[in-house]
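Q: Structure, please.
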Amino acid sequence: MSLVLIIFLDGSAAFGADLTPKQRPKGAPPQPTTLQEAPQPPSTEMGAILGQAPELTPRHQDYGIVHVAQNPTPPPAPQPAPQPAPQPVAQTVVVADPMVHAELDRLATEIQAMRKDIPKKPDPKKTWSTPKIGGRVFMDSINILNQSSDGLPVPLSDTNPGYDGRNFWGFREARLAVTGSAYEFLDYKLELGFEGTGADAINFKDVFLGINAVPLFGYVRIGNQYVEDGGSEVCNGSTNYTFTEMPAPAGDQFTARRLGISSRHLFARDRGRLFLGTYGAREVAVTRQRIDSNQGYMLNTRLTYAPLFKNDGKHMFLYGGYYNFTDPARGDNPRYVRIRPGGYNLGMDNAFGAGTTIATTSVHKAGFETVYQNGAFCLQTDFYLRHFSDAFTSGENATLYGGFVMGRYFLTRGAYRKYNLENAAWSSVAVDNPILLSERGAYNFIQGSGVWEVAVYYGFLNNDDFEDISPYGTDHEIGLALNWYWNPQLKWAINYIHQVMNITIDGNKVKPNTNVLGLSCRFHW
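A: Numbering: from 1, shown residues only. Below is the predicted model:
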């Protein structure tokens, strides 16, 4: 207990008391200090002072003496409100639904396609890219196995059913190319060939400017370029031929390059392709120009669609058609009907009307192609007909038709040829184990096996309508190939071509035949 003594000015006194925590009952709240009267001492003046204290008067209250407290206790802190207990969360087991996953994959594909259509803001800093240097070198050896002893061409006749021609050894193609892009939507190519002689020593090949994202037309190309009046094997360029040349006779009816303008448009998730082109009727590869009041013109279209296409064409099925119309602008414009074994240009211009001028007012060509590839195996076809209006001196119409069926198989496991849907043509061979040089200590070793491929084709052509030229008739051809790819850019090849004709020459029917053996080393970069 604590005591407090207070003495007032009038001599009265009062004291207060409070219970300490030790004296307070357990759990009892602190009691406020109250004034108590002091006991009256029996004697002395101080005793009168310490005697019973008078009651508090208003005068005392004026001095503020109402309560006297010792160690006051603060009020208890407010307690937080009790929180409700968390409720249990219900858990649902989700079972995978294949249909849901398929729908999500479809939507993801559509979103990805929509993103491609979103226009990007051009970057003014990206102007002309650094040009890339490319090229190709083809070294061939072509041997006519049943040629004459002097190696010179011998005219066909009923007394000479053999089909003789010159052998060839040299550079089949030697080219340099510069390619590049600009401003994110332009591309260009300048390719020169050095395989000719004389005036043809240096000639233009692919020389064009490409423009991307043109409204309605997609990709537009202006310049010297391929006319797509053939199928995938014919339009893919010589670097990707399965055989060292296009399978004849389809390849010999191919227009090759012309100066003009073309466009290609992709649709159906880039699996469909429409090609349109218009060109001059005559070549400018050597002369670079045509100065003539009657230039003539050519219209060309090709439509392809691939309902099945996976892994860059490893598993694919494609079909399509093409059409070409040519107005030579004058009747004496040369239109050749040429058939060379395996497409080889061996100086055998004495056969099957080669080099014969056909006077005609217009030429129509239409064809159909299919491609099926399942991994290492591929089967493709290309059939066409070509119609000449008001042909020859008699002014009659004439039609020839032909085509080929080709199959190939990669002996190396996992190998296949890629396909480019944008160009509707073949691309490089997938080589997983290329031949490389390996260093082991002080010695160098060759490692890798490359890719081995075998191929076969059958081709035919019929020009029985061409009785005004000699010879005329039918041609049948079988080709075999063995290819060894060291890498996607280097190929060694062996080709064997057997050609049988059933033709009429000088009024006599003959059946000449030719056997050709070709060896080739080809590389490009």
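Q: what are the ranges of the helices in the stretch 51-200 of the chain?
A: 58-62, 98-117 (DSSP state H, counting those that start in this stretch).
Q: Now tell me what touches the last one from outside.
A: Counting by CB atoms under 8 Å, 6 or more residues apart in numbering, helix 98-117 makes contact with R269, all of which sit outside it. Any C-beta I mention is one placed from the backbone N, CA and C, and that applies to glycine too.
Q: State the mean pLDDT of that helix.
A: Taken as a whole, helix 98-117 has a mean pLDDT of 82.
Q: I'd like the distance from it to the chain centre, please.
A: Taking CA atoms, centre = their mean, to the nearest Å, the mean C-alpha location of helix 98-117 is offset from the chain mean by 19 Å.
Q: Now that helix: buried residues?
A: Residues of helix 98-117 classed as buried by neighbour count (16 or more other CB atoms under 10 Å): none.
Q: what does the domain assignment say about this protein?
A: Domain segmentation of the chain under automatic domain parsing yields 2-62, 126-524.
Q: Do you have the strands of the stretch 51-200 of the chain handy? List them.
A: 132-144, 168-182, 186-193 (DSSP state E, counting those that start in this stretch).
Q: residues contacting the nearest residue to N433 once chain neighbours are set aside?
A: Spatially, and ignoring its direct neighbours in sequence, N433 is nearest to G448 (4.9 Å; CB to CB, 6 or more residues apart in numbering). Residues in contact with G448 (CB under 8 Å, 6+ apart) are 433-436, 486.
Q: Of these, just say which sits nearest to V234.
A: Using CB to CB, W486 is the member of these that sits closest to V234, with 25.8 Å.
Q: Model confidence for the closest one, exactly?
A: Looking at W486, its pLDDT stands at 96.
Q: winner for burial among the domains of the chain?
A: Ranked by mean neighbour count under mean count of other CB atoms under 10 Å, the domains of the chain are led by domain 126-524, which reaches a mean of 18.
Q: what's the closest of the strands of the stretch 51-200 of the chain to V456?
A: Judging the strands of the stretch 51-200 of the chain by CB to CB, what sits closest to V456 is strand 132-144, at 19.1 Å.
Q: quick one: average pLDDT of that closest one?
A: Here the average pLDDT along strand 132-144 is 92.
Q: what's next to that strand, contact-wise?
A: Contacts of strand 132-144 (CB under 8 Å, 6+ apart): 164-180, 238-239, 244, 344, 346, 514-525.
Q: Let me know the pLDDT of the residue lying closest to S449 once chain neighbours are set aside.
A: What sits nearest to S449 in space, not counting adjacent residues and going by CB to CB, 6+ apart, is N433, at 5.4 Å. With respect to pLDDT, N433 scores 92.
Q: next one: T287
A: Confidence score, pLDDT, at T287: 70.
Q: same question, the one 4 residues further on
A: With respect to pLDDT, I291 has a value of 77.
Q: ok, now F8?
A: 53.
Q: Numbering from 360 from now on, please.
A: Sure, I'll start numbering at 360, so the last one becomes F367.
Q: From G596, how far off is the residue most central in space within the chain?
A: Taking CA atoms, centre = their mean, the centroid of the chain lies closest to N779, which sits 6.8 Å from it. Going from N779 to G596 by CB to CB, to the nearest Å gives 11 Å.
Q: ok, back up a step: just flag the most distant two among the contacts of G807.
A: N792 and W845 (10.3 Å).
Q: Touching both of these two, which residues are there?
A: Contact criterion CB under 8 Å, 6+ apart; residues shared by N792 and W845: 807, 809.
Q: quick revisit: please convert the helices of the stretch 410-559 of the chain to TSV, extending it with distance to F742.
A: Shown next, in TSV, are those (distance: least, CB to CB, whole Å):
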stretch	distance to F742
helix 417-421	127
helix 457-476	34
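Q: Now the element after the helix or strand harbouring Y855, going C-ward?
A: For Y855, the host element (DSSP states H and E) is strand 849-864. Downstream of strand 849-864, the first helix or strand assigned by DSSP H and E is strand 867-869.
Q: tell me the mean pLDDT over that next one?
A: Rounded mean pLDDT across strand 867-869 is 77.
Q: Give me the distance from the host helix or strand of W845 to the chain's centre.
A: Element membership for W845 (DSSP H and E) is strand 831-846. Put simply, strand 831-846 sits 29 Å off its chain's centre (CA atoms, centre = their mean).
Q: just the angle between that strand and strand 849-864, please?
A: Angle, strand 831-846 to strand 849-864, by axes from the mean of the first three to the mean of the last three CA atoms, to 10 degrees: 180 degrees.
Q: Partner strands of strand 831-846, with direction?
A: strand 810-821 (antiparallel), strand 849-864 (antiparallel) (DSSP bridges).
Q: can I get those in a markdown table with mean pLDDT and distance to P437?
A: Shown next, in a markdown table, are these (pLDDT from 0 to 100; distance: least, CB to CB, whole Å):
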| stretch | mean pLDDT | distance to P437 |
| --- | --- | --- |
| strand 810-821 | 94 | 84 |
| strand 849-864 | 88 | 88 |
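Q: right, so of the ones you listed, which gets closest to Y547?
A: Closest to Y547 of these is strand 849-864 (CB to CB; 26.6 Å).
Q: Show me the contact partners of the helix or strand harbouring V579.
A: Secondary structure from DSSP H and E places V579 in strand 577-585. If you take CB under 8 Å, 6+ apart as the criterion, strand 577-585 is touched by 563-573, 594, 596, 615-625, 636, 643-644, 781.
Q: and those, which of them are in strands?
A: 563-573, 616-625, 636 (DSSP state E).
Q: Now do the strand holding V579 against strand 545-552, angle only.
A: 10 degrees.
Q: How far off centre is strand 577-585?
A: Going by CA atoms, centre = their mean, where strand 577-585 is centred and where its chain is centred differ by 19 Å.
Q: ditto for stretch 627-639
A: When distances are taken as CA atoms, centre = their mean, stretch 627-639 is centred 16 Å away from the chain's centroid.
Q: if I look at F736, how far off is S787?
A: Using CB to CB, F736 is found at 18 Å from S787.
Q: try T603
A: 17 Å.
Q: Verify the stated contact: G762 with R745.
A: No. Using CB atoms under 8 Å, G762 makes no contact with R745, being 11.2 Å away.
Q: Can you list the residue ranges for strands in the stretch 710-859 of the chain?
A: 721-733, 736-750, 755-769, 776-779, 784-788, 795-799, 802-806, 810-821, 831-846, 849-864.
Q: Output the third one as PDB, nothing but the C-alphas.
A: What that stands for is strand 755-769. Taking C-alpha atoms only, strand 755-769 is exported to PDB below (Å, rounded to 0.1, in the frame of the first residue of the first chain):
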ATOM      1  CA  GLU A 755      -3.200 -27.400-140.300                       C
ATOM      2  CA  ASN A 756      -3.400 -27.800-136.600                       C
ATOM      3  CA  ALA A 757      -1.100 -30.200-134.800                       C
ATOM      4  CA  THR A 758      -0.900 -31.600-131.300                       C
ATOM      5  CA  LEU A 759       1.900 -33.400-129.500                       C
ATOM      6  CA  TYR A 760       1.600 -34.900-126.000                       C
ATOM      7  CA  GLY A 761       3.900 -36.600-123.500                       C
ATOM      8  CA  GLY A 762       5.000 -36.900-119.900                       C
ATOM      9  CA  PHE A 763       6.900 -39.000-117.400                       C
ATOM     10  CA  VAL A 764       6.500 -41.000-114.200                       C
ATOM     11  CA  MET A 765       9.500 -40.900-111.800                       C
ATOM     12  CA  GLY A 766      10.100 -42.700-108.600                       C
ATOM     13  CA  ARG A 767      13.100 -42.400-106.200                       C
ATOM     14  CA  TYR A 768      14.200 -43.900-103.000                       C
ATOM     15  CA  PHE A 769      16.800 -42.800-100.400                       C
END
